[in-house]
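Chemist: Here you go, sequence then predicted model.
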Amino acid sequence: MEIDFTTTSPSDSYKILAALVTPRPIAWVTTLNEDGSVNAAPFSFFNVFGADPPLLGFAPGNREPGVPKDTARNLRRTREFVVHMVDEDLAGAMNLTAAARSYGDSEVVAAGLETAASVSVATPRLRDAVVAMECHEWGTLEIGRNRLVLGLVRHVHVRDGVLDPDTRYLDPSNYAPIGRMESPDGYCRTSDRFRMGRA
């Protein structure tokens with residue numbers, strides 16, 4: 001099969017890219033609404049992009065042409081956010097926060113989640129998340145109808161037992177993140193792992 005992306009519709013391009021570029025980690029992002037309530041939304045167009053400085057990026061799209069999703073709207077005002085990794089235990093709650101809601105109608109409340117204070121940003125983090133990364137927006141790139149938010153990681157919360165405090169190596173038995181697969185509802189577990197030494 002050959003696909004000419006210069007003639008492919010945006011909806012088909014999304015289906016193809018979201019199906020083939022997998023598995024993708026999920027950024028479960030909290031931001032502050034104008035009334036002080038907490039917005040939470042998942043994004044699977046996401047990854048880390050460097051360590052010096054520590055940099056990550058995710059892509060919050062639009063609700064409709066010209067109308068940014070709540071996460072992007074809040075970022076324009078506060079320039080800060082918290083990215084959480086989604087483990088198997090919180091997959092259902094994450095899925096609830098993906099539903100479209102009116103602006104200011106907190107997904108955190110609707111999903112029965114609890115928050116905790118952050119250290120370097122005003123935006124709260126999700127208390128039960130295994131990993132929470134507090135970020136300041138470095139910048140946002142808008143290319144066509146795409147939006148890429150780049151954030152500098154300022155503080156990280158990691159549940160005890162996930163990282164060795166001395167070596168910083170991961171204990172995979174205490175960390176079970178899920179990944180995004182094909183649209184509209186494909187996900188994967190990371191319980192079936194293997195090691196392959198470098199030559």
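Modeler: Nice, thanks for sending it over.
Chemist: Test my guess that residue 162 contacts residue 170.
Modeler: Yes: contact between residue 162 and residue 170 holds when scored by CB atoms under 8 Å: they sit 6.6 Å apart. For every residue, glycine as well, the C-beta is placed using N, CA and C.
Chemist: of the two, who's got more company?
Modeler: Neighbours around residue 162 and residue 170, counted as other CB atoms under 10 Å, are more numerous at residue 162. The numbers are 16 against 12.
Chemist: And the pLDDT for the residue nearest to residue 137 when sequence neighbours are not counted?
Modeler: Of all residues not flanking residue 137 in the chain, residue 79 sits nearest, at 4.2 Å (CB to CB, 6 or more residues apart in numbering). Residue-level confidence at residue 79 comes out at 98, pLDDT.
Chemist: Flag the shaky bits of the protein, pLDDT-wise.
Modeler: In the prediction, the chain carries no residues with pLDDT under 70.
Chemist: pull the longest helix from it.
Modeler: Criterion DSSP state H: the longest helix present in the chain is helix 10-20.
Chemist: what packs against that helix?
Modeler: Helices and strands touching helix 10-20, as assessed by 3 or more CB pairs under 8 Å, 6 or more residues apart in numbering; DSSP states H and E, are absent.
Chemist: State the distance from the spatially most central residue of the chain to residue 87.
Modeler: In the chain, the residue lying closest to the centroid (CA atoms, centre = their mean) is residue 27, at 1.1 Å. Distance check for residue 27 against residue 87: by CB to CB, to the nearest Å, it reads 14 Å.
Chemist: shared neighbours of residue 162 and residue 170, which are they?
Modeler: Common neighbours of residue 162 and residue 170, counting by CB atoms under 8 Å, 6 or more residues apart in numbering, are absent.
Chemist: sorry, back to before: ok, residues contacting the longest helix of the chain?
Modeler: 3, 5, 8, 44, 145, 180-183.
Chemist: Repeat that for stretch 47-57.
Modeler: 24-25, 27, 46, 83, 133, 135, 138, 148-153.
Chemist: Show me which of those residues are buried.
Modeler: Buried residues within the contacts of stretch 47-57, counting neighbours by 16 or more other CB atoms under 10 Å: 24-25, 27, 46, 83, 133, 135, 149-151, 153.
Chemist: just checking, which of the residues you listed belong to helices?
Modeler: Per DSSP H, these never map to helices.
Chemist: where do the strands sit along the protein?
Modeler: Under the criterion DSSP state E, the chain contains strands at 24-25, 27-32, 38-43, 46-51, 54-58, 62-64, 67-68, 80-85, 115-116, 125-126, 131-143, 146-158, 179-180, 187-188.
Chemist: starting at the chain centroid, how far to the second one?
Modeler: Relative to its chain's centre, strand 27-32 lies at 7 Å (CA atoms, centre = their mean, to the nearest Å).
Chemist: which residues sit in contact with the nearest residue to residue 139 once chain neighbours are set aside?
Modeler: Distances taken as CB to CB, 6+ apart place residue 150 nearest to residue 139, at 5.4 Å, with adjacent residues excluded. Residue 150 makes contact with 49, 55-57, 137-141, according to CB under 8 Å, 6+ apart.
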